[in-house]
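[1] take a look and give me a structure for this.
(4 chains)
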Protein chains: 2
Amino acid sequence: MAAPRPPAPRAPTLEQVAEYAGVSRSTVSRVINQVSTVDPELREIVERAIEATGYVPNHAARSLVTRRTDSVALVVSEPADREFAEPFLSRIFTDPYLGRITAGALEVLRPEGIHLVIMPADAPARQQVLRYLRQGHVDGVLLISSHVADPLPQQLCDLGVPAVLSARPGRPLPMSYVDVEQQTGARLAAERFIASGRKHPATVCGPLDTTAGQDRLAGFRSALAVHGYAFVPAEPADFTRAGGERAARALLSAYPETDALFVANDLMAEGALQALRDLDRRIPEDVAVVGFDDSVSALACRPQLTTIRQPIEEMAAEMARLLLARIREPDGRPRSVIFHPELVERGSA
Amino acid sequence: MAAPRPPAPRAPTLEQVAEYAGVSRSTVSRVINQVSTVDPELREIVERAIEATGYVPNHAARSLVTRRTDSVALVVSEPADREFAEPFLSRIFTDPYLGRITAGALEVLRPEGIHLVIMPADAPARQQVLRYLRQGHVDGVLLISSHVADPLPQQLCDLGVPAVLSARPGRPLPMSYVDVEQQTGARLAAERFIASGRKHPATVCGPLDTTAGQDRLAGFRSALAVHGYAFVPAEPADFTRAGGERAARALLSAYPETDALFVANDLMAEGALQALRDLDRRIPEDVAVVGFDDSVSALACRPQLTTIRQPIEEMAAEMARLLLARIREPDGRPRSVIFHPELVERGSA
DNA sequence: ACGAAGCCGGAGAGCGCTCCCCCGCTCAAC
DNA sequence: GTTGAGCGGGGGAGCGCTCTCCGGCTTCGT
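    Sure, this is the predicted structure:
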């Protein structure tokens, strides 16, 4: 808890501006809120008074009566029954995924004058986050949640806080969400391998308790099944670079004949590339690699990563738009917006 | 602007809880604010009433009277007179630096129950940001500003908003800040090169309109001057991966004899490594490379990057602590906390 | 046993804003 | 000339909370 502001010279109030301008509070309020029924002349006077006094409306007071805060929360959920090397905060804020989400959301929110409060919600903080949301601190929430069993989407739903999800929820929920056609993306990778004559595809898949992890694996497998592959080796990892490296190593050790590797995100693919190099596999000659996301790291590695592009910034922007819509019309029906992934051909496959 | 919340069942108020518990508003308020003078028995009753009604204090109302918001802003400033390939938002949110700052700050803020509003402040948004801060939306600001001529630190100072800077300000200012011994860091790199017998050191330095860029360059040059190097080639770049690649290429083309390269951050170093590889220079045999930061990307490249470590998370945490102190005691004297960099030896030098 | 000294709870006054209602003015219509 | 509609502006009532002040009760000293 912070202490109150100093006995600083209090900021001017509406009342004072009104007095200065020789009008009533209401008139000043009307000018500020762009109500059109104000005499242009009076408006002029009031605007000058505002200028002169350096008046700025008090947010808390306004928010108290309008029940609107003009800010939304970006909640990053994490059920935390998995084990990670890095602490939660470092991990999520170091992952370029979250950065791209933030950038995309802000692209829409900023012009609307809406601000973003960023809230990690790991298990210990879950209650704190729910409390915060109930306090009416924000008008709505952008919820980044990947775990199928994450209780947070349901809780937000129960709470009645306008919210939009970053992916199809684990179980059906009356809540808008944005997603990419995960299975199609995985199929694109599979078909790439088939087209280039690979015989032994395998995958470093995402965590199987996430919808993205599940869908990408299922999509990859079913696309290959069409071409006669009854079994496709898969090794799950945690979407981190180190995890990808480890999983690729494990996969190549168990299935040394592997000549094509679909890695469920670019960060892991970076690690996989490393593992393959350490095992003296040439890329793409010996092993073709396809990632997922098309993040900056796809360009940073050598060979550059062939990957399945999902327009993350665009998706986040859409989340923001859906949220705004929901805030403005809370009873509208929940909408889903599904984006199309596409194969970006670079050097690794 | 968002529309008001639905005609939803209004949340219970203090008054209602009081009625339910059969006490006065004040008593409930005392219980909530942990005032110790409440009879334990009454407190028990009130707590049950809060539980039963599902009461949550209204933030706006509280904030209106306490003049405290329990949230701070993370303002990322950008004077924007430089040209960048990527748009501002994507660039800053993709840079691991900002992620680490966020994580570090939150590490301190979260336990205090203080929330973080994230605000990019490029030139067009500057006024909007200042307005926002004046509205009393936040109790203070963590200001990430690197440009020596950035007007924002001064403006915040004038505004009287408690603020802490992420680096020594361009010109002296009565404001707390956190920094690392930039010149010492650069010296560490220089000495590393000298110790390993390199004869032709050069540097990809940061933008010369940032204190970090200036200081690292100056430190590198003066450390080498001690060993007789009157001239050290330097090519500035913009702290991005692509910038580092370009600059390294330019440097090696102008000074092909270069056998040691100090790169002012790891992101650029990653690019430089790439450029060197493309030029068929072996690392570290032909060219030794030392980066700055010790970010995850230092581990991601091959060879792994020898780099000057600055404890960014720790520094951000300290910023948060300084800010909290300033908020609680606005008249305390501004403090600077300077961290020590250290050389992390890995494969590249 | 009586008065002084706590101690705890209640009532009331705002914090700065919005919004509703009403008043007074102007202008057109009858 | 009177009425009624229309419109711009003012006043008042809160929004939900904290905090100061005050009064009644207990407790202790003498």
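
[2] doesn't A:V108 make contact with A:A317?
    Yes. Here A:A317 reaches A:V108: they are 4.7 Å apart, a contact under Cβ atoms under 8 Å. Yep, even glycine has a C-beta here, placed from its N, CA and C like the rest.

[3] residues touching A:R335, list them.
    By Cβ atoms under 8 Å, 6 or more residues apart in numbering or on different chains, the residues touching A:R335 are A:176, A:322, A:325.

[4] revised request: answer the last question for A:P303.
    Neighbouring residues of A:P303 by Cβ under 8 Å, 6+ apart: A:283-284, A:346-348.

[5] tell me which two of these sit farthest apart.
    Greatest spatial distance in those: A:I283 and A:R346, 11.0 Å, computed using Cβ to Cβ.

[6] those two: which is more packed in?
    Between A:I283 and A:R346, A:I283 has the larger neighbour count (other Cβ atoms under 10 Å in any protein chain shown), namely 21 against 18.

[7] do stretch A:223-242 and chain B meet at all?
    Yes. Contact of stretch A:223-242 with chain B (Cβ under 8 Å from any Cβ of the partner chain) involves A:R241.

[8] quick one: buried residues of that stretch?
    Neighbour counts over stretch A:223-242 (16 or more other Cβ atoms under 10 Å in any protein chain shown) mark A:223-224, A:229, A:232-242 as buried.

[9] got it, and stretch A:269-277?
    A:269-276.

[10] now stretch A:323-333
    In terms of neighbour count (16+ other Cβ under 10 Å), stretch A:323-333 has its buried residues at A:323-324, A:326-327, A:330.

[11] mind listing which of those residues are in helices?
    Counting by DSSP state H, those place A:323-324, A:326-327 in helices.

[12] wait, which of these is closest to DNA strand C?
    Proximity of those to DNA strand C (Cβ to the nearest atom of the strand) peaks at A:I327, which lies at 15.0 Å.

[13] make CSV from the buried residues of stretch A:269-277 and add distance to DNA strand D to it.
    Formatted as CSV, the buried residues of stretch A:269-277 follow (distance: Cβ to the nearest atom of the strand, whole Å):
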residue, distance to DNA strand D
A:A269, 50
A:E270, 49
A:G271, 49
A:A272, 52
A:L273, 55
A:Q274, 53
A:A275, 55
A:L276, 58
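
[14] of the residues you listed, closest to B:E41?
    A:G271 (59.8 Å).

[15] where does pLDDT dip in chain A?
    For chain A, the stretches with pLDDT under 70 are A:1-9, A:80-85.

[16] near DNA strand C, which residues of it?
    Applying Cβ under 7 Å from any atom of the strand, we find that chain A lies next to DNA strand C at A:10-11, A:13-15, A:25-26, A:29, A:32-33, A:55, A:57-58, A:61-62, A:64-66.

[17] please report how far the residue nearest the centre of chain A lies from A:V75.
    With distances taken as Cα atoms, centre = their mean, chain A has A:I101 as the residue nearest its mean C-alpha position (4.1 Å). Using Cβ to Cβ, to the nearest Å, A:I101 is found at 11 Å from A:V75.

[18] same check on A:Q274?
    Separation of A:Q274 from A:V75 (Cβ to Cβ): 33 Å.

[19] which of the ones in helices among the buried residues of stretch A:323-333 are close to chain B?
    Contacts with chain B within those, as defined by Cβ under 8 Å from any Cβ: A:324, A:327.

[20] ok, of the ones in helices among the buried residues of stretch A:323-333, which one's closest to B:E313?
    For those, the closest approach to B:E313 (Cβ to Cβ) belongs to A:L323, at 30.0 Å.

[21] quick one: the helices in the stretch 151-300 of chain A?
    Listed in chain order, the helices of the stretch 151-300 of chain A (DSSP state H, counting those that start in this stretch) span A:152-159, A:182-195, A:211-225, A:241-254, A:266-278, A:296-300.

[22] could you save those helices as TSV and add columns showing distance to A:R126?
    Listed next are these as TSV, based on distance: least, Cβ to Cβ, whole Å:
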stretch	distance to A:R126
helix A:152-159	7
helix A:182-195	26
helix A:211-225	20
helix A:241-254	24
helix A:266-278	25
helix A:296-300	30
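
[23] tell me which of these sits most buried.
    helix A:266-278 (a mean of 25; mean count of other Cβ atoms under 10 Å in any protein chain shown).

[24] what is it packed up against?
    strand A:201-205, helix A:241-254, strand A:260-263, strand A:288-293, helix A:296-300 (3 or more Cβ pairs under 8 Å, 6 or more residues apart in numbering or on different chains; DSSP states H and E).

[25] repeat that for 7 Å
    Using 3 or more Cβ pairs under 7 Å, 6 or more residues apart in numbering or on different chains; DSSP states H and E as the contact criterion, the elements in contact with helix A:266-278 are helix A:241-254, strand A:260-263, strand A:288-293, helix A:296-300.

[26] could I get the ones you listed as TSV with distance to A:I114?
    Below are the helices and strands packed on helix A:266-278 laid out as TSV (distance: least, Cβ to Cβ, whole Å):
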stretch	distance to A:I114
helix A:241-254	33
strand A:260-263	36
strand A:288-293	27
helix A:296-300	27
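
[27] tell me which of the ones you listed sits nearest to DNA strand D.
    Comparison of the helices and strands packed on helix A:266-278 against DNA strand D by Cβ to the nearest atom of the strand identifies strand A:288-293 as nearest, at 43.4 Å.

[28] next, the buried residues of that closest one.
    Result for strand A:288-293 [16+ other Cβ under 10 Å]: buried residues A:288-293.

[29] I'd like these laid out as a markdown table, including distance to B:D70.
    What follows is the buried residues of strand A:288-293, written out as a markdown table (distance: Cβ to Cβ, whole Å):
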| residue | distance to B:D70 |
| --- | --- |
| A:A288 | 52 |
| A:V289 | 47 |
| A:V290 | 46 |
| A:G291 | 41 |
| A:F292 | 39 |
| A:D293 | 35 |
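
[30] now, which of those residues sits nearest chain B?
    Checking the buried residues of strand A:288-293 against chain B by Cβ to the nearest Cβ gives A:D293 as the nearest, at 12.2 Å.

[31] residue contacts, the closest one?
    By Cβ atoms under 7 Å, 6 or more residues apart in numbering or on different chains, A:D293 lies in contact with A:265-266, A:307, A:310.

[32] go with 10 Å
    By Cβ atoms under 10 Å, 6 or more residues apart in numbering or on different chains, the contact set of A:D293 is A:96-97, A:100, A:180, A:185, A:239, A:263-269, A:305, A:307-310, A:312, A:341, A:344.

[33] all strands of chain A, in order?
    A:71-78, A:115-122, A:140-144, A:163-165, A:176-180, A:201-205, A:234-236, A:260-263, A:288-293, A:306-309, A:336-339, A:342-344 (DSSP state E).
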